[in-house]
Structures are given as C-alpha cells and as structure tokens.
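[1] Pasting a predicted model and its sequence here:
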Amino acid sequence: MKVILDKPQLNISLLRLAHQLLENIDDLAQVVFIGLQPRGIFVSNKIVEIIKQLSPKQKIQYGILDITFYRDDVRDELHTASKTDIPFTIEGKKVILIDDVLYTGRTIRAALDALQDFGRPQKVELCVLVDRRFNRELPIQPDYCGKAIDSIISQKVKVNWDKEEVVLY
Amino acid sequence: MQLSTKHLLGIKDLLPSDIALIVQTAQQFKEVLQRPIKKVPSLRDVTIVNLFYENSTRTRISFELAEKRLSADTINFTTSSSSVSKGETLLDTVNNILSMKVDMVVMRHSASGAPHFLAQHIPAAIINAGDGINEHPTQALLDAFSIQEKLGTLKGKKIVLVGDIMHSRVALSNIYLLKKMGAEVMVAGPPTLIPKYITEALDVKVEYNLKKALQWCDVANVLRIQLERQNQVLFSSLREYNLAYGVSKKLLDSLGKEIVIMHPGPINRGVEIDSDVADGNQSIILNQVENGVAVRMAVLYLLSGRGN
C-alpha cells in the first residue's frame, strides 16, 4: 500500500482546487456545485466549505447527485441507490461536478446523462481529487485535478477520510 | 445487493431485508418523480407485459407509469379485447407473449395462485399485481412506504385493518408485511367478514368494535367491501354496515387522538368510509397513490437485473 496524498498534502490539494475553481468564476450566483454520490460528496463537502469561507457573503448553491439509475452496467450488477438532492434549477448555470477518483470515466458519463434531466446547464466542468489518467474508457478529462497518478487496472485507489489520506493498493 | 427472490409473488416469500431494500430504493425513485424530467434510463433494454385478467384502475396505471418512468417498453393486455375470450389458456397466452421476447410479466388474476403457477412454467420474472383473495404485494409495500414516510418507522406501530378481511388480498399482504417489519396488527370488522382462527394462523389481534379498534391504533387502513367476491349475504345492508363499521368524522373526533387514515382504493364513499374522512387532513389516501408509482419502480428495477 502506497500513500499518494497524506493529510497535509490532501488539505493543500483541496485548498488549491477551491482557489482554482474560484479563479475561473465570474459570478458565484451563476454557478452550482454538485457532488457525486456516494464518495464524491466527501470531497465536495470539503471544497464547498472552503469556498464558503473564501466568499462569506455569497450564497453557494450546492447539491448532491446519485447516478445509480443511469449506470451502463445495470444488467451485470445492481447497486444501492443513494440520495439525490438538487433543490435549485441548473438551467443556464455553470455546473461544477465534483468526485473523488476519476477512473474509467463511466460515472461521469452517467452523471452528464442524469444532469440533463434537471435542465440544460450553460457549461459543465469536472473537478476530481485523484485522476487515474491512463485507465480511461471514455473520452472524458477533468478540468481541475488534485493529483494525477499512473496506475494499473488491478490496483485500487481509496480516499480514507478517517485518516485523511489517499492510498494506492 | 439484490432481492432474495426472482419473482414478486407475495410478501410471504420476502425477507425483512428485501422489504427494507424495496422501501429504500423507492425513496430514491420518489425523488426522481419530482424532477423536471421524471424518467431514468435503467430499464430501456427491458420489455414488460401487463396482463390484467381482472379490472383495475390504480394498479394498472401505476404499473404502466412506473414502467415508462424507467424507460421500459410496455405492452398492455386485457382479457376483454384478447383471445382469452376464444378459450386460450393462461399458459398458452403467456408463452405466446414471451416468444415475442418479453422480459417481465406483471399479472393480475381473479384466481388465487395464478402467478405462482406461471412462475413454475415460464422463465420471465413475474410480479403479482393481485391474485384473487390471496395477495397484492405491491399494495402492501406502498402502504408500508406511506406509513414509514408519515410516522418514520413501522417498528412498534399499531395498525388496524378495517372491514372485509375475508376477501381482501390487501389485508393478507399487509398482515405479512407489517408482522415482518415489527408492527402490531389488528383486524376489525363484522365477524362474518373476519376468517375464523386468524389469530392462530397469522398472530393478529381481532376486534369487533370499531371504536375500540380505532382507539388502540396509530394507523387505520380501511378496506373496501368486496361485493363482487361475496357469493352469500354476509351483512344485512350497506347502510347497516356503514352504521356499524363505517369510519365517520364523528367517530374520529370522539377518539381524543389523531390517527392516520389509509384506503387502498377504490373507495365506496358512504359505505366503509365517509367522504369527509377520505378527503380530510388525517387521510393519506392520495399520498398512497403517489407513492405507488415509486414503489413499483423500485420493484421493477430490483427484479430486472436477474437471470442474465
């Protein structure tokens, strides 16, 4: 088992991602942050928390999205659905999707499909904590990335939120 | 994560964990139904036939909506407009439909056990939408979902089923389900409409006095008098039934506590339940109908992934 990001590095990466996101935002009122269930919301909770601290007077629109019913592998295995909560419109907004690990790209494909059912966003961007860059099965790339790593399919990447570290095993 | 069964023939065959999974999945589908586009692509490779050998409004529309919200292809079949009137057997009809590559069968039949018979002879997943006086599992599941939504849990809650227990498949499915989930169950109604030995067989309380039953309970699920299944006189008149066992506003007000009123539909207004109760603020009858779509989506979704 190899530690990719330890606790201080993880916090620096989250801080950097929040700043990078803010750098590219003109008007926070036109932006919505959406964390992907189940594990992406740990990252999105942290990033949205930092953004709130950095722009205390602004109202942040933050939702969570579960993509279980949009998966392309429902015939192989059923997954337990988690909660979706998007209590605002995404029509015409800039949507920032946040997930923990970008791997094959299939989750993001499903998320893009799911987003369509909530309206037509002006733009969608992708922010991930870890990018397993050589394992993609679809043409999807992150716009913001905490750390890009090279890994093989038999390996796993896990974000351990108790210890606040990212490991490869 | 999957159900312990390939078909949904009755609540009797389900484990408590199956029921919890269906209810939990239905909660997510209920959220889907609030979206601007109330549809997910999960079942777009699945074809479902709705075989209704008996009349239905709510259940058939609810299943059809659930199927469409899941992007499944659907075929509807009713006996009046089919070759059943020419004498085709149930098994022949279903085998012919399945040869056209249909994956799931939703069936209502006036004969108890008809879906169980089919399940032994065909490979497709079968969902029982009501069989005779046996079971109506999706109704019990949506009732449970609605109670849980209103009261937070089923465990330890007191539920009374009022009325025609003898001829009600809703009653039997509800009793199985509520017992499995740790609720206390009572049946109330005239002695002629309550099966003998029901306490011994199903471990439920029996009460012949409606007021006492309502005073005991948290939830009253009022059932329809099933005149079409009664081939003998079991009570003297509908008016007399209403006086003794009809749930009225006056009766509810005299209880000194607020209970939840449910009814699986169709309602006979002025017989088992009065209009001001059915439409009153203690009633969750229309919530039950709304939840029915989400619960049926959950059942179809969870049964669709098997056998491939």
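    That came in fine, so what should we check first?
[2] List the residues that contact residue 39.
    Because you didn't say which chain, this covers chain A. A:Asp99, A:Asp100, A:Val101, A:Val159 (Cβ atoms under 8 Å, 6 or more residues apart in numbering or on different chains). For glycine as for every other residue, the C-beta is placed from the backbone atoms N, C-alpha and C.
[3] switch to chain B, that's the one I care about
    Taking Cβ under 8 Å, 6+ apart as the definition of contact, the neighbours of B:Lys39 are A:Asp117, B:Val32, B:Lys68, B:Arg69, B:Leu70, B:Ser71.
[4] Next: B:Ile261.
    Under the criterion of Cβ under 8 Å, 6+ apart, the neighbours of B:Ile261 are B:219-220, B:222, B:247, B:252, B:273, B:277-278, B:280, B:282-285.
[5] just how off-centre is the strand or helix carrying B:Leu142 within its chain?
    Secondary structure from DSSP states H and E places B:Leu142 in helix B:137-151. Its chain's average C-alpha position is 9 Å from that of helix B:137-151, according to Cα atoms, centre = their mean, to the nearest Å.
[6] what about the helices in chain A?
    In chain A, helices defined by DSSP state H lie at A:7-23, A:40-54, A:106-116, listed in chain order.
[7] I should have written chain B there, sorry.
    Assigned helices in chain B, in chain order: B:16-32, B:58-69, B:90-98, B:114-121, B:137-151, B:169-180, B:198-202, B:210-216, B:238-245, B:249-253, B:275-278, B:285-304 (criterion: DSSP H).
[8] Can you lay out those helices as JSON lines showing mean pLDDT and distance to chain A?
    What follows is the helices of chain B, written out as JSON lines (pLDDT from 0 to 100; distance: least, Cβ to the nearest Cβ, whole Å):
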{"stretch": "helix B:16-32", "mean pLDDT": "96", "distance to chain A": "4"}
{"stretch": "helix B:58-69", "mean pLDDT": "95", "distance to chain A": "10"}
{"stretch": "helix B:90-98", "mean pLDDT": "89", "distance to chain A": "18"}
{"stretch": "helix B:114-121", "mean pLDDT": "94", "distance to chain A": "20"}
{"stretch": "helix B:137-151", "mean pLDDT": "97", "distance to chain A": "14"}
{"stretch": "helix B:169-180", "mean pLDDT": "96", "distance to chain A": "20"}
{"stretch": "helix B:198-202", "mean pLDDT": "92", "distance to chain A": "31"}
{"stretch": "helix B:210-216", "mean pLDDT": "96", "distance to chain A": "35"}
{"stretch": "helix B:238-245", "mean pLDDT": "92", "distance to chain A": "41"}
{"stretch": "helix B:249-253", "mean pLDDT": "95", "distance to chain A": "35"}
{"stretch": "helix B:275-278", "mean pLDDT": "95", "distance to chain A": "32"}
{"stretch": "helix B:285-304", "mean pLDDT": "96", "distance to chain A": "7"}
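[9] measure B:Ser83 to chain A for me?
    Here the distance between B:Ser83 and chain A works out to 32 Å (Cβ to the nearest Cβ, to the nearest Å).
[10] Contact partners for the residue nearest in space to the middle of chain B?
    In chain B, the C-alpha closest to the average C-alpha coordinate belongs to B:Gln139, at a distance of 1.8 Å (Cα atoms, centre = their mean). In this structure, B:Gln139 makes contact with B:Thr59, B:Gly130, B:Arg169, B:Val170, B:Ser173, B:Asn174, B:Pro264, B:Gly292, judged by Cβ under 8 Å, 6+ apart.
[11] change it to 10 Å
    B:11, B:58-59, B:62, B:129-130, B:168-171, B:173-174, B:177, B:221, B:264-265, B:288, B:292, B:295 (Cβ atoms under 10 Å, 6 or more residues apart in numbering or on different chains).
[12] rewinding a little: and the helices of chain A: which comes nearest A:Leu168?
    Using Cβ to Cβ as the criterion, the shortest distance between A:Leu168 and those is 13.6 Å, found for helix A:7-23.
[13] any residues touching that closest one, and which ones?
    Against helix A:7-23 from outside (Cβ under 10 Å, 6+ apart): A:3-5, A:28, A:31, A:33, A:43, A:46-55, A:96, A:98, A:125, A:127-130, A:143-147, A:159-161, A:163-166.
[14] Now the buried members of the residues you listed.
    Applying 16 or more other Cβ atoms under 10 Å in any protein chain shown to those, the neighbour count classes A:4-5, A:28, A:31, A:33, A:43, A:46-48, A:50-51, A:96, A:98, A:125, A:127-130, A:144-146, A:159, A:164-166 as buried.
[15] which residue sits closest to B:Lys249 in space, ignoring its chain neighbours?
    Taking Cβ to Cβ, 6 or more residues apart in numbering or on different chains, and ignoring the residues beside it in sequence, B:Lys249 has B:Asp276 as its nearest neighbour in space, at 4.7 Å.
[16] Can you get me a residue count around that neighbour?
    A count of neighbours around B:Asp276, defined by other Cβ atoms under 10 Å in any protein chain shown, yields 13.
[17] Now do it against B:Ser146, distance only.
    Separation of B:Asp276 from B:Ser146 (Cβ to Cβ, to the nearest Å) stands at 21 Å.
[18] mind listing what the closest residue to chain A within the stretch 201-308 of chain B touches?
    In the stretch 201-308 of chain B, no residue comes nearer to chain A than B:Gly305, which is 4.4 Å away by Cβ to the nearest Cβ. Contact partners of B:Gly305, counting by Cβ under 10 Å, 6+ apart, are A:73-79, B:1-3, B:42-43, B:46, B:125.
[19] one more time with 7 Å
    Going by Cβ atoms under 7 Å, 6 or more residues apart in numbering or on different chains, B:Gly305 touches A:Val74, A:Arg75, A:Leu78, B:Gln2.
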